[in-house]
Each structure stands twice: as C-alpha cells, then as structure tokens.
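Asks: sharing a model prediction with you, sequence too.
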Amino acid sequence: MPLETSDNIAGLVATWPLSGDFVSEGDNHLNLIKSVLKKQFPGVNGQGFSAVINATETEINYLTGARANIQAQIDNLSGTDPGEPGGGSEFDPGTVMVFFQSSAPNGWTQVTSNNDAMLRVVSGAGGGSGGTASPISHAHTTQGYALQMHNLPQGLGDNINLSITTGGGGSNGIEHTSSNQVAGGSGESTVSASPVTVPTAQDAPHFHGDTGTINFKYINVITARKD
C-alpha cells in the first residue's frame, strides 16, 4: 500500500489508502495525518492547538490579503509599539510635532523653547522662527517724531510786513506788502507795522498714543519630541 511522506496537509493524498491495501497499514496513515496536523497547527507549545478556536470561518476569512503581522500593522497605525502602551513606532526619535491637547502623549516630551508664538505656515523649509514681540494682545505704539523745517509748507517762518490803511474812500483792512508801509490815497492814512515773524515748529516730538490692541484669534498648541 502506498504511503505518502509529508509534513503539511497539501502533501497528503486524499485517495489513499486504496481499497485493496492491507488493513495492517492503516496505522501508518493515521500516524501521518496526526503528524501533519501538529506541524500545521503547532499552537503555543508546538504540540498543536490546546484551546478551542472560537473565530468563525467568516472572521478567519477577514485575514485574507494580509501581507504582514496584523498586530504590528495596527500598532503602526495607532502609534504604539508592541508591548509598550503609548509608544510611537511610526515616528523616528527626535521627530517634533504639534498637539492640540494639554500635555504631551506617552512616549513624547514637551518642547518648551517656543512660548507665546503664533503658528506660521510657510512654503519653504520649516523649523525656523522670527519676530521679537509677542503677537498675542500686543499693543502697538506709534513713536514720537520731531518736526523739522523741511516738513513745513514753503513760506512758513518768513518775516511778513503788515500795514493798516484807514479813512478816506478806501476800505479798512490788512495788506501784506513787500515793504514796511503802503502809500495811502486821498483821505487815507497808513500805519506801518514792524515785521512779524510767524513762529516755526520747535524740534520736539508729538505723540499719537497707542493705536489700540489687536486680539488675535488663536488656539493653544504644544510641541513635543519623540523620545
């Protein structure tokens, strides 16, 4: 009677033993079947499954298409290392990320070198910083500026000669002349005045005060580094 040699189910011949084989050879076939089953389903101790398998055939079929250790893939997605709750196997040590929570997650250490700073998205390389004033509720004050002569309209600060004409047919008024007096007409009298100097600006600053406080909309985030 033929007897196959195999250590897996695929190597067993389903039509053996034949109907004309000796009954005394049956034990060899039974021994082979037991040996193959133990090798195919070794269990924890290598002696075959020692616990009842409760998964249904549908549940077992969910494993179809798996290309690697299922738990390892789940750990990578969830950010945990096998046997290390809260780890982070998918991130290299030293990786820095932003977290919208009050403290760093397990396996991460909060980075405190940046404080009271807005987040800025750039199209180039990240990791940089800039600015000196805190942007949160920052009051901007306009600095004082001392006016100079070149800031004034042309003509201010010149000497102006004034004369007052009264009486006669002329009308009372003030005339701006290029000399200290104006020749009066018939019945008119002219009173000359000394040159008047229009005061110029002093070299002292003037202030606009605070231009108001801008309360930027923000969310509090922290940065943490993978241990």
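Replies: Everything's here; your move.
Asks: need the three-state assignment for the closest residue to residue 104 other than its chain neighbours.
Replies: In space, and not counting its chain neighbours, residue 104 is closest to residue 224: 3.8 Å by Cβ to Cβ, 6 or more residues apart in numbering. Every C-beta, even on glycine, is put in place using the N, C-alpha and C of the backbone. At residue 224 the chain is in strand, as set by DSSP: H, G, I helix; E, B strand; the rest coil.
Asks: one more: residue 73?
Replies: helix.
Asks: show the pLDDT at the residue lying closest to it once chain neighbours are set aside.
Replies: Of all residues not flanking residue 73 in the chain, residue 66 sits nearest, at 8.0 Å (Cβ to Cβ, 6+ apart). Looking at residue 66, its pLDDT reads 87.
Asks: next, the contact list for the residue nearest to residue 104, please.
Replies: Shown in contact with residue 224 (Cβ atoms under 8 Å, 6 or more residues apart in numbering): 96, 97, 99, 104, 105, 108, 109, 110, 111.
Asks: how near is the nearest residue to the last one once chain neighbours are set aside to residue 99?
Replies: In other words, residue 111. Among residues not flanking residue 111 along the chain, residue 223 sits closest, at 4.4 Å (Cβ to Cβ, 6+ apart). To residue 99, residue 223 is 8 Å away according to Cβ to Cβ, to the nearest Å.
Asks: now the residue nearest to residue 104, which residues is it bridged with?
Replies: residue 97, residue 110 (DSSP bridges).
Asks: quick one: it from residue 76, how far?
Replies: Residue 224 is 19 Å from residue 76, where distance means Cβ to Cβ.
Asks: what of residue 132?
Replies: Applying Cβ to Cβ, one obtains 42 Å for the distance of residue 132 from residue 76.
Asks: which of these two has more neighbours?
Replies: With neighbours defined as other Cβ atoms under 10 Å, residue 132 and residue 76 compare such that residue 76 has more, 14 against 4.
Asks: what are the C-alpha coordinates of the helix or strand containing that one, in CSV please?
Replies: Here residue 76, judged by DSSP states H and E, is contained in helix 70-78. In CSV, the C-alpha atoms belonging to helix 70-78 read as follows (Å, rounded to 0.1, in the frame of the first residue of the first chain):
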residue,chain,number,x,y,z
ILE,A,70,-1.6,42.1,11.8
GLN,A,71,-0.8,43.5,15.3
ALA,A,72,2.4,45.2,14.0
GLN,A,73,0.4,47.0,11.3
ILE,A,74,-2.3,48.1,13.9
ASP,A,75,0.5,49.3,16.2
ASN,A,76,1.9,51.4,13.4
LEU,A,77,-1.4,53.0,12.7
SER,A,78,-2.2,53.7,16.3
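Asks: name the residues of that helix that are buried.
Replies: Buried positions in helix 70-78, judged by neighbour count with 16 or more other Cβ atoms under 10 Å: residue 75.
Asks: and the residue nearest to residue 101 when sequence neighbours are not counted, how far is that from residue 104?
Replies: Spatially, and ignoring its direct neighbours in sequence, residue 101 is nearest to residue 222 (7.5 Å; Cβ to Cβ, 6+ apart). Separation of residue 222 from residue 104 (Cβ to Cβ): 7 Å.
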